[in-house]
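> Build the 3D model from these lines:
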Amino acid sequence: MKMSFVFSGDHAPKNSTSMLIGNHSGGLDFMTGVVLSQTFGVNTGRMMTFMKYSLQFVPTIGWMNYFQGSLFLKRSWDADKLKLERKLTSLTTDYSKPFWVGLYPEGTRITNKKRIASHEFARGRNLPILQNVLLPRAKGFLILMEKLRSTFDSIIDVTTAYEGNPIYFRELILYGKFNTRAVHMNIKFHPIDSVPEDVDGLLKKWLLDSFVTKDSKLEFFKENGYFDAEHFEESDSDVTFFYVFWSVLTGLIGLYFSPFTFTHFAVWNFFVFCGVLFGHYREPYSPPNRRQNQHQTNALGEKRSSESKENEITNGESSQSKKIL
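Predicted coordinates for the structure are as follows:
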């Protein structure tokens, strides 16, 4: 299973200690953060993310993020407060630089139902109506900035779009569906000194403005198939080994420590392993037209154009056949 990673926008400095904020489209958006951090010189073990509590029990992604030091939250301030405070204290005292902290301020991946709820919330408070992202939840972002502002060198603001479909973990492991041809990441680099202090709501407004901009960028991508920014890197990655390795590793760990308590982990990992193999050996997808320059060609637009041309040819042949008959 191969896909391309296409980067555009700002060149972030290597080996910086940063907060990454991004939009949340699919179930494996954290993986794009891992790829991005490695691109800018921060290895996988130094990229941690704040994730939904239930994800720690999911094979592969849960265990991998646990070992990376990610924090799993119940999204309840009463339940998460002490755990969050301990983690933030640990980041300032126990972790050596550089490291990245990933945050998805929407709090959940976007769906039609959640988009409608976000619109209703926005109308009630005279906020912008966003079509391609949800309104960001500012509380976690504000806490991170309050506790770690002096630790961070920068904020890496990434807007992610998928050529094909976003990666959904359930579809991958149960059905072998992997229809992502490329992951496009547009990067905006903010030195920490350029980000406003949390005075008179300025920092909360800064976060909202970031997501208004993301919405515009994603709208452009939907129409054109690329981000309106300079393209600086494109690479192909085979993700099969990634899933097989973590599936086998988590299954073995579960069986070793407690074969009775963790039997369900072994069973789940078996299905993960089978799903990945099925996805790998099924008929591969051939990208329609891998472009050499992001702005000279438009892979998504070319695909739509070629499909309409094929339809015109087919319809023309059908008309000629009818005339002959």
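
> Count residues in the vicinity of the residue lying closest to residue 35 once chain neighbours are set aside, would you?
Beyond its immediate neighbours in the sequence, the residue positioned closest to residue 35 (CB to CB, 6 or more residues apart in numbering) is residue 5, lying 5.5 Å away. C-betas here are computed from N, CA, C, even on glycine. By other CB atoms under 10 Å, the residues close to residue 5 number 18.

> in what helix or strand does residue 5 lie?
When secondary structure is defined by DSSP states H and E, residue 5 falls within strand 2-9.

> That strand: partners in the sheet, and parallel or antiparallel?
The strands beside strand 2-9 in its sheet (DSSP bridges) come out as strand 180-191 (parallel), strand 231-238 (antiparallel).

> tell me the most buried of the ones you listed?
Among the strands paired with strand 2-9, the stretch with the highest mean neighbour count (mean count of other CB atoms under 10 Å) is strand 180-191, at a mean of 21.

> continuing past that strand, what's the next helix or strand?
Taking DSSP H and E as the definition, the helix or strand that follows strand 180-191 towards the C-terminus is helix 202-224.

> ok so, going back, each with direction, which strands does the helix or strand that the strand holding residue 5 is followed by pair with?
Per DSSP H and E, the first helix or strand lying C-terminal to strand 2-9 is strand 18-22. Counting by DSSP bridges, the strands paired with strand 18-22 are strand 100-103 (parallel), strand 154-164 (parallel).

> Which one of the ones you listed lies nearest to residue 224?
With CB to CB, the closest approach to residue 224 among the strands paired with strand 18-22 belongs to strand 154-164: 10.6 Å.

> how about the closest one: buried residues?
154-163 (16 or more other CB atoms under 10 Å).

> okay, now residue 109: neighbour count?
Around residue 109 sit 18 other residues, with neighbours defined as other CB under 10 Å.

> Let's verify it: helix, strand, or coil?
Classification of residue 109 by DSSP: H, G, I helix; E, B strand; the rest coil places it in coil.

> That one reaches residue 29, doesn't it?
Yes - A contact is recorded between residue 109 and residue 29 when judged using CB atoms under 8 Å, the distance being 7.3 Å.

> Could you list the low-pLDDT ranges of the chain?
Across the chain, residues meeting the criterion (pLDDT under 70) sit at 1-3, 27-28, 59-60, 165-178, 233-325.

> Report the beta-bridge partners for residue 8.
The residues that residue 8 bridges to, once DSSP bridges is applied, are residue 186, residue 231.

> my guess is it contacts residue 188, does it?
No - with contacts counted by CB under 8 Å, residue 8 stays clear of residue 188, the gap being 10.4 Å.

> Can you tell me how far residue 106 is from residue 23?
From residue 106 over to residue 23 the distance is 7 Å, taken as CB to CB, to the nearest Å.

> if we can go back for a sec, same list, the strands paired with strand 2-9, but as JSON lines with distance to residue 122 please.
Listed next are the strands paired with strand 2-9 as JSON lines, based on distance: least, CB to CB, whole Å:
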{"stretch": "strand 180-191", "distance to residue 122": "23"}
{"stretch": "strand 231-238", "distance to residue 122": "32"}
